[in-house]
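> Next come a sequence and a model predicted from it.
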Amino acid sequence: MPPRPRFDRRAPVRELPNINERIEYPRLRVVDSDGSQLGVITREEALEISKERELDLVLVSEKADPPVCRIMDYGKFKFEQEKKAKEAKKKSHQTEVKEVKMRYKIDQHDYDVRIGHAIRFLKAGDKVKCTVIFRGREIQHTALAETLLRRMAKDLEEKAEVQQAPKREGRNMIMFLTPRKTPLIKKESEDSTPKKAIRTITTPSKVNSSNNN
């Protein structure tokens, strides 16, 4: 019976950056931390200069002749590169369409659950497809389904805009919501200025006529 293969428990070897003593080229074209050119100097001279500045010597172009190095704070440089990569990843989020399904006779608890799901999808930057499913003779109640979808759009108006109004498709009625890009400005339904009371004053002619009677 052949021996069982042994698993390699060693950690994977990381590719270390070419900085400081890891740079093995004898002559280098060196750029200072402020962008000025130090010219072509020996590896030892470049390392000495970087140590005097308490910075790192970093290989930035290995294919050049001679290779190009730059004096910099490598820890700070690496942090900024990772930060830029994270920001680029956030911006590259691809919008997806998430669906929320329900019946037009949905109860309040289940409705609140669907609202919670929709809010989560919208916060993630995704569009929401709100679908009301009809079964059997329920197709006769499309008006109730449309009312439900418009209610949902109203409840989500602070976070979403209606991309497609409620529309019947086959045995379903659907509505598309997209994340709101601009803040919602609510219109005041009533004038906040209090109305002044109107005081009625009896004219002298009316007073005289009442006395004569």
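The structure has been received and is ready for your questions.

> so where do the helices sit in the protein?
Secondary structure of the chain by DSSP state H: the helices cover 43-52, 74-91, 108-123, 142-155, 204-212.

> Can you give me the buried ones in stretch 89-109?
By neighbour count on 16 or more other C-beta atoms under 10 Å, the buried set for stretch 89-109 is 98, 100, 102, 104. Any C-beta I mention is one placed from the backbone N, CA and C, and that applies to glycine too.

> contacting residues around the nearest residue to the first one once chain neighbours are set aside?
Take Lys98 and drop its neighbours on the chain: the residue closest to it by C-beta to C-beta, 6 or more residues apart in numbering is Phe121, 4.1 Å away. Remark: with contacts taken as C-beta atoms under 8 Å, 6 or more residues apart in numbering, Phe121 is in contact with 98, 100, 127-128.

> thinking again about what came up before, turn the buried residues of stretch 89-109 into CSV, including distance to Lys83.
Output for the buried residues of stretch 89-109, formatted as CSV (distance: C-beta to C-beta, whole Å):
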residue, distance to Lys83
Lys98, 29
Val100, 35
Met102, 42
Tyr104, 48
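
> count of neighbours near Leu148?
22 (other C-beta atoms under 10 Å).

> for the one 10 residues further on, same thing?
The local packing of Glu158 (other C-beta under 10 Å) involves 11 other residues.

> same thing with the one 4 residues further on?
Using other C-beta under 10 Å, Val162 has 18 neighbouring residues.

> The one 3 residues further on too?
A total of 12 residues lie near Ala165 under the criterion other C-beta under 10 Å.

> Can you check what angle separates the lengthiest strand in the chain from helix 108-123?
Ranked by number of residues, the top strand in the chain under DSSP state E is strand 160-169. Angle of strand 160-169 versus helix 108-123, following axes from the mean of the first three to the mean of the last three C-alpha atoms, to 10 degrees, is 120 degrees.

> low-scoring stretches of the protein, by residue?
Applying pLDDT under 70 to the chain flags residues 1-16, 91-93, 186-213.

> what's the domain layout of it?
20-78, 97-179 (automatic domain parsing).

> any chance of those in JSON lines, plus distance to Lys90?
As requested, these are arranged in JSON lines below (distance: least, C-beta to C-beta, whole Å):
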{"stretch": "domain 20-78", "distance to Lys90": "19"}
{"stretch": "domain 97-179", "distance to Lys90": "9"}
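
> For the closest residue to Glu99 other than its chain neighbours, give me its contacts.
Once flanking residues are discounted, Glu99 sits nearest to Lys129: 4.5 Å by C-beta to C-beta, 6+ apart. For Lys129, the contact set (C-beta under 8 Å, 6+ apart) comprises 97-100, 174-176.
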